[in-house]
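Q: what's the 3D shape of this:
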Amino acid sequence: MSVKRHGLLAGQAALVTGASSGIGAGIAKALAGEGAVVGVNYRSDRASAEDVVAAIAEAGGEAFEIEADVTEEDGVEEMMRTFLDRAGRLDVMVPNAGIQKDASIDEMTLDHWKSVLDVNLTGQFLCARAAIAQFDTQPGPATSASVGKIICMSSVHQDIPCAGRVNYAASKGGIDMMMRSLAQEVAHRRIRINSIAPGAIKTPINEEAWQTEEAERQLLELIPYGRVGVVEDVARAAVWLASDLSDYVVGTTLYVDGGMSLYPGFRDNG
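A: Numbering: from 1, shown residues only. Below is the predicted model:
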C-alpha cells in the first residue's frame with residue numbers, strides 16, 4: 001500500500017485490535033490522520049470495521065479491515081500475516097480489544113472469569129509477542145527513532161479496585177505488570193512498550209454510566225476535571241506514544257482519566 005508522506009507517523013504502519021468501535025476506532029482514525037497505514041481489526045462486526053475504514057479513507061488516510069479473534073494463537077499469527085501482506089511492515093501495535101462480563105463474586109462463573117482474562121490479558125500478550133517478533137526481523141523505519149512501538153490498553157482499574165468486576169480489574173492489573181516486564185526485556189532492542197489507562201470514556205460499552213443527566217452527574221463526582229472523557233482524548237494520547245515525541249518514554253502508563261485515579265473521595269481530607 002502507499003503511505004502518506006506527512007504527519008507524525010508518515011511512512012509507518014499500525015495495527016489496532018478491537019478497532020471496529022469505541023476507543024479502538026478512535027485510535028485507528030487518529031493514527032491514520034497522522035500518516036500511518038492502519039489495520040482495523042475486528043472479531044465479528046465487519047460492517048462497523050468497514051465503516052471505520054471508510055471514514056479514514058474519506059479523511060484522506062489509508063486503512064483496511066482484518067478479521068481475527070485475539071484469544072487464538074493461530075488467529076493472531078494469521079492476522080499478522082494478512083496485515084504484512086497489505087502494509088508491508090509493522091511499526092505500531094495497539095492491542096486494544098477488550099470485554100467486560102460483570103458480576104458479583106457470588107454470581108461470577110468460571111466463564112465470566114476466563115473469557116475476560118482471555119481477551120483482555122492473553123489477547124494483548126499474543127499481539128505483543130507477535131509484534132516484537134516482527135520488529136526484530138524487519139529493518140528499522142526511516143521515519144522513527146525506535147524499531148517499533150506497542151501501546152497496551154489498560155484502565156484506571158489496574159490501580160482502583162472495582163467491586164463486581166473482579167475479572168476486569170484483574171485483567172487490567174495484569175496488563176500493567178505484563179507491559180512493564182516486556183518493556184524491561186526488550187527496551188535494549190529499541191522497542192518501546194507503554195500503556196494507556198483510560199478512565200470514564202463515553203463509549204457504547206458503558207453508555208448506562210453517562211446516558212442520562214443523573215447518571216452523568218454521579219459519574220462526575222469521581223472525575224476532578226469535571227467532564228467525562230471522549231475517545232479523542234485517548235486517541236491523541238495514542239498518537240503521542242506512537243510518535244517520536246515520546247521517544248524517551250518506556251514502560252510507562254499514561255493515565256487519561258480527568259484525575260479519576262487521584263482518589264477524589266479524599267480531596268476534602270477524607
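Q: secondary structure class for L126?
A: helix (DSSP: H, G, I helix; E, B strand; the rest coil).
Q: what sits against the closest residue to it other than its chain neighbours?
A: Spatial nearest neighbour of L126, excluding adjacent residues (Cβ to Cβ, 6 or more residues apart in numbering): V76 at 4.4 Å. C-betas here are computed from N, CA, C, even on glycine. Residues near V76 by Cβ atoms under 8 Å, 6 or more residues apart in numbering: A68, V70, G123, L126, C127, A130.
Q: Helix or strand: which one has I175?
A: helix 166-186 (DSSP states H and E).
Q: and that helix, what other elements does it pack with?
A: helix 110-117, helix 123-137, strand 148-153, strand 191-198 (3 or more Cβ pairs under 8 Å, 6 or more residues apart in numbering; DSSP states H and E).
Q: try it again with 10 Å
A: helix 110-117, helix 123-137, strand 148-153, strand 191-198, strand 253-256 (3 or more Cβ pairs under 10 Å, 6 or more residues apart in numbering; DSSP states H and E).
Q: quick one, the longest one and helix 166-186 angle?
A: Yep, that's helix 123-137 we're talking about. Calculated by axes from the mean of the first three to the mean of the last three Cα atoms, to 10 degrees, helix 123-137 forms an angle of 20 degrees with helix 166-186.
Q: can you give me the angle helix 123-137 makes with strand 148-153?
A: Using the same axes, to 10 degrees: helix 123-137 against strand 148-153 is 170 degrees.
Q: Going by neighbour count, which residues in helix 123-137 are buried?
A: G123, Q124, F125, L126, C127, A128, A130, A131, I132, Q134, F135 (16 or more other Cβ atoms under 10 Å).
Q: which residues does the third one contact?
A: By that I understand F125. By Cβ atoms under 10 Å, 6 or more residues apart in numbering, the residues touching F125 are V70, V76, P95, C152, G174, I175, M178, L182.
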